[in-house]
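Chemist: This is the structure alone, sequence omitted:
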Ligand SMILES: Nc1ncnc2c1ncn2[C@@H]1O[C@H](COP(=O)(O)OP(=O)(O)OP(=O)(O)O)[C@@H](O)[C@H]1O
């Protein structure tokens, strides 16, 4: 059989498109198990000979060696069998479906189409409403009782736990709604959120026979023709699907086969229809200001995406590519696209234990890898895995971090990515004027709101968070909870993407704290942020780097520069990560302490000497010029003092005036500070005997980097000379005219 070109589905879509009106109903076209597949719903009035003729026509438009497999739905009842189509020359399988097919429900979220579908089925809708009221009646009256007795707060956790049971019994739409609520600190208390977060565990499995039928319907072949050794029972059951383990016949790979729960689309859409109707009614109540319909539509749109396993498989592939280069310690299951459909996902099996339950010694390291991985998604790739509950983070036997379940992803825009890094820089400098503006960019504060009343409140929250240890020791969860509190009194909100971040970070922090009670997330994140600031060449981050080094007062802060360099390359020492932009080879995994320090020094100095370090080097040049100038004047003062010439001046003849220039240069407080800075920086970069934790490159590192020096020196030396002469000339002129 000819291998399909990558755009095969496009090639086939065109001829088939023209048959849309003639064929009873084309449901979908795609490539499954290496064969083209056309799904057709044949109405009971369709004559077999009519369909057979249409198949021949389609066949005539296809390339000779292409294999078209067609699934007919709805003809079995008429005594039709596969042989009836043999004459058309088309491979054909007949699949039985329920008489009352729900195929006309939209596959992407379309509230109008859903409403049109369920309006025609008032009995089913009434039945569902009745079921909802029966299940939740007792609970709703308990809530009413709590309000009446003013015990809402006191009973909150108990009610959340009851709600969890009810939600589980009501099915996927409510489980997902509960999971969405479980990450909203602006709506629920931490204890209630905690209860609802348990919704991710323990959902009962569904019948295996239904799952096997689903595989056959979706992939067009019985499961035993696609997989060998498929486990008779699922190895895991989750809210939307259950997972079997098997071996893919076509490739021999061990695979996980996720099969969607039956009738998810149907039950979910009826629930969404009912809740939306309720939301529409609430719009008429003037005192009810929350727009339930808008919130529901946003939630439902994402939920529908989660129901499409083809999309989930594509997400996993994209995510794996995002991580491949920088984070080889992160593994993502491979998607077998030919054996994946809307309701069946075939992906590479990943052996391992839940990171949260692992007792391996490297769990702490893997949490750090996780932190960097999530920061990379958030601040770099912008493609964010929005479902990182502990069940989805696995430690593989070879000590890597496996991430599962890419159904729920969110895109982070560039504006938000850069806005976050800027906000972190402003936070480090406690620059609250800029932080409130950042919060507008980051969508916490609506555009056009008067920022003056919010500024002191935010300043108080951040001052409190920064107390005792500065930015690196911020407790992120406490800070998030304090920010959530502001939402009740000010026009301040937690944007949905940030709620997902809080959860991702909370999950990682939770796992880390079990093994290491001193774990400080921001401290772990600092190296990544430093490295981004040092190496990213986007104009906003370049500005961010300048801000980090010079702050809002524009005064060079040597400690901040040293901190950035130490942080930015700490990961090279600690995690043995490669630094791709610098083309450094990855370092061996197990390193001695000396090796780790060596690799940090090597990475930092290579960066400074490389092309990527151009922009940063400019700051060094700027400070070197000031340093050389100040140091040489200090030397001049020492020599002049030794010669007793401190007070001596030489006259300068100018047109119409005589001025004098002192032989001993003037040393200001700023000059003395510059000299201190220069000494500190040189000590940090090169001095092997420094006790203050400098880079301390070993002789071998220095030898390794020597070849880079002539190149840099050829551009830096003239630059320093020209800036230095400019600076000296400017100062001489100033001293002549001012002093
Ligand atoms: N490729 C894989 N290799 C090994 N185990 C897997 C794989 N995929 C899934 N599993 C197992 O199946 C479980 C459920 O899978 P997954 O999280 O993808 O399902 P889900 O229906 O999307 O769940 P959720 O309710 O969290 O959205 C996982 O926690 C894991 O134990």
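Modeler: Nice, thanks for sending it over. Please read these numbers as outputs of a predicted model, since none were measured by experiment. Numbers count the residues shown, from 1 in each chain.
Chemist: so where do the strands sit in the stretch 401-550 of the chain?
Modeler: Using DSSP state E, counting those that start in this stretch, the strands found in the stretch 401-550 of the chain span residues 401-403, 409-411.
Chemist: any weak-confidence spans in the stretch 501-650 of the chain?
Modeler: 515, 570-600, 630-650 (pLDDT under 70).
Chemist: Helices of that one, residue ranges please.
Modeler: 521-535, 539-550, 558-574, 593-609, 614-643 (DSSP state H, counting those that start in this stretch).
Chemist: what's the closest of the ones you listed to the ligand?
Modeler: helix 521-535 (23.1 Å; C-beta to the nearest ligand atom). Where C-beta positions appear, they are placed from N, C-alpha and C, glycine not excepted.
Chemist: what residues does the closest one touch?
Modeler: For helix 521-535, contacts defined as C-beta atoms under 8 Å, 6 or more residues apart in numbering pick out 367-368, 371-372, 375-376, 379-380, 421, 424-425, 471-474, 476, 505, 508-509, 512, 541, 544-545, 548, 563-565, 567-571, 574, 579, 581-582, 607, 612-613, 616.
Chemist: Tell me the residues on the stretch 201-350 of the chain that lie near the ligand, please.
Modeler: Residues of the stretch 201-350 of the chain found near the ligand (C-beta under 6 Å from any ligand atom) are 236, 238-241, 243, 256, 258, 333, 347-350.
Chemist: Now the two most distant members of these.
Modeler: The most widely separated members of those, counting by C-beta to C-beta, are 239 and 348 (22.5 Å).
Chemist: and these two? which has more neighbours close in?
Modeler: The neighbour count for residue 239 versus residue 348, taken as other C-beta atoms under 10 Å, is higher for residue 239 (20 against 17).
Chemist: Using the three-state scheme, assign the more buried one.
Modeler: coil (DSSP: H, G, I helix; E, B strand; the rest coil).
Chemist: quick one, what contacts it?
Modeler: By C-beta under 8 Å, 6+ apart, the residues touching residue 239 are 172, 175, 176, 179, 199, 200, 203.
Chemist: any chance of those in JSON lines, with pLDDT, secondary structure and neighbour count too?
Modeler: Shown next, in JSON lines, are the contacts of residue 239 (pLDDT from 0 to 100; DSSP: H, G, I helix; E, B strand; the rest coil; neighbours: other C-beta atoms under 10 Å):
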{"residue": "172", "pLDDT": "81", "secondary structure": "helix", "neighbour count": "23"}
{"residue": "175", "pLDDT": "83", "secondary structure": "helix", "neighbour count": "21"}
{"residue": "176", "pLDDT": "79", "secondary structure": "helix", "neighbour count": "22"}
{"residue": "179", "pLDDT": "76", "secondary structure": "helix", "neighbour count": "20"}
{"residue": "199", "pLDDT": "70", "secondary structure": "helix", "neighbour count": "24"}
{"residue": "200", "pLDDT": "57", "secondary structure": "helix", "neighbour count": "18"}
{"residue": "203", "pLDDT": "72", "secondary structure": "coil", "neighbour count": "19"}
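Chemist: Up against the ligand, what does the stretch 401-550 of the chain have?
Modeler: The stretch 401-550 of the chain comes close to the ligand at residues 404, 405, 407, as judged by C-beta under 6 Å from any ligand atom.
Chemist: can you tell me which of those residues lies nearest to the ligand?
Modeler: Of all these, residue 405 has the smallest distance to the ligand: 3.5 Å, by C-beta to the nearest ligand atom.
Chemist: How is the chain divided into domains?
Modeler: Here the domain parsing of the chain from automatic domain parsing is 8-95, 102-334, 413-497+516-609, 614-738.
Chemist: For the first one, the averaged confidence score.
Modeler: Taken as a whole, domain 8-95 has an average pLDDT of 51.
Chemist: For residue 563, which non-adjacent residue is closest in space?
Modeler: residue 530 (7.6 Å; C-beta to C-beta, 6 or more residues apart in numbering).
Chemist: just to revisit the earlier point, by neighbour count, which of the residues of the stretch 401-550 of the chain next to the ligand wins?
Modeler: residue 407 (25 neighbours).
Chemist: does that one really touch residue 258, like I thought?
Modeler: No. Counting by C-beta atoms under 8 Å, residue 407 does not reach residue 258; the two are 9.4 Å apart.
Chemist: and residue 432, what does it touch?
Modeler: 426, 455, 458, 459, 462.
Chemist: That'll do, ta.
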